[in-house]
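quick one, what's the 3D model for this:
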Amino acid sequence: MDSNIGIFEDKMKKSLSNLKEEYASIRAGRANPHLLDKIKVDYYGQPSPLQTVANISVPEPRVIQIQPWESSLIKEIEKAIMVSDLGLTPNNDGKIIRLTFPELTEERRKELVKDVKKKGENAKVAVRNIRRDANDLFKKQSKANEISEDELKNLEDKVQKLTDKYIAEIDKAVEDKSKEILTV
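Residues are numbered from 1 along each chain as shown. Reported below is the predicted structural model:
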């Protein structure tokens, strides 16, 4: 029976890791190379992740430096950044592309924090839906006499503990990201 719990815990873990991935792509006024994780560049006709065709570094807190392995890729990389939703304009000197992050205004920071909280709420809803699915399954098993009333109660308690654990982790992720955004 406990193997079923593992399935639901995996789903809760995925909800948390999806949230953390979304947070990695929210820029907080600091240069974070993970912002470029989703960017693909046309490399000899193949869409390739930016990290595989260039060296990415952060020489200053608000600058990301991209050094393509081949200088012919500069135009492709700039194009990929322009069409992404980063809202940054790349500058290049013929060899290296630089992305400079502007300071965030107070208003923009507050908007970002609202967005962070909304994404956190969505992750909590996902975790609660997983709890509901688990409890529905256990009740069906109980009705079909596959598990006893005591086992049903025990499984529901375990799922509730998991739910509480992941909701607390989501709250912590929301708090950490909000703090990061509001720190000037």
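
so the residue located most distally from the centre of the chain: helix, strand or coil?
Here the chain reaches farthest from its C-alpha mean at Asn145, the gap being 40.9 Å by Cα atoms, centre = their mean. Secondary structure, DSSP: H, G, I helix; E, B strand; the rest coil: Asn145 is coil.

list the contacts of it.
For Asn145, no contacting residues are found, by Cβ atoms under 8 Å, 6 or more residues apart in numbering. The C-beta positions use only the backbone N, C-alpha and C, and glycine is treated the same way.

so it versus Asp157, what's the distance?
Asn145 is 20 Å from Asp157, where distance means Cβ to Cβ, to the nearest Å.

sorry, back to before: and the residue farthest from the centre of the chain, how far is that from Leu152?
Separation of Asn145 from Leu152 (Cβ to Cβ): 11 Å.

Ala123 too?
Distance, Ala123 to Leu152, using Cβ to Cβ: 27 Å.

now Leu35
In this view, Leu35 and Leu152 are 46 Å apart by Cβ to Cβ.

need the helices for the protein, in chain order.
Ranges of helices in the chain, per DSSP state H, are 2-24, 50-53, 74-83, 106-143, 149-182.

who has more neighbours, Ala123 and Leu152?
The neighbour comparison of Ala123 against Leu152 (other Cβ atoms under 10 Å) goes to Ala123, with 25 against 18.

the more buried one is in contact with Ile170, isn't it?
Yes: judged on Cβ atoms under 8 Å, Ala123 makes contact with Ile170 at a distance of 4.9 Å.

need the overlap of contacts for the two.
Taking Cβ under 8 Å, 6+ apart as the criterion, Ala123 and Ile170 both touch 15-16, 19.

redo these as JSON lines? Include pLDDT, neighbour count and distance to Ile97.
Listed next are the shared contacts of Ala123 and Ile170 as JSON lines, based on pLDDT from 0 to 100; neighbours: other Cβ atoms under 10 Å; distance: Cβ to Cβ, whole Å:
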{"residue": "Ser15", "pLDDT": "93", "neighbour count": "21", "distance to Ile97": "35"}
{"residue": "Leu16", "pLDDT": "93", "neighbour count": "19", "distance to Ile97": "33"}
{"residue": "Leu19", "pLDDT": "92", "neighbour count": "24", "distance to Ile97": "30"}
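
in TSV, list those along with distance to Asn4.
Shown next, in TSV, are those (distance: Cβ to Cβ, whole Å):
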residue	distance to Asn4
Ser15	17
Leu16	19
Leu19	24
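
out of the helices of the chain, which gets nearest to Thr100?
Evaluated with Cβ to Cβ, the helices of the chain place helix 74-83 nearest to Thr100, the distance being 12.1 Å.
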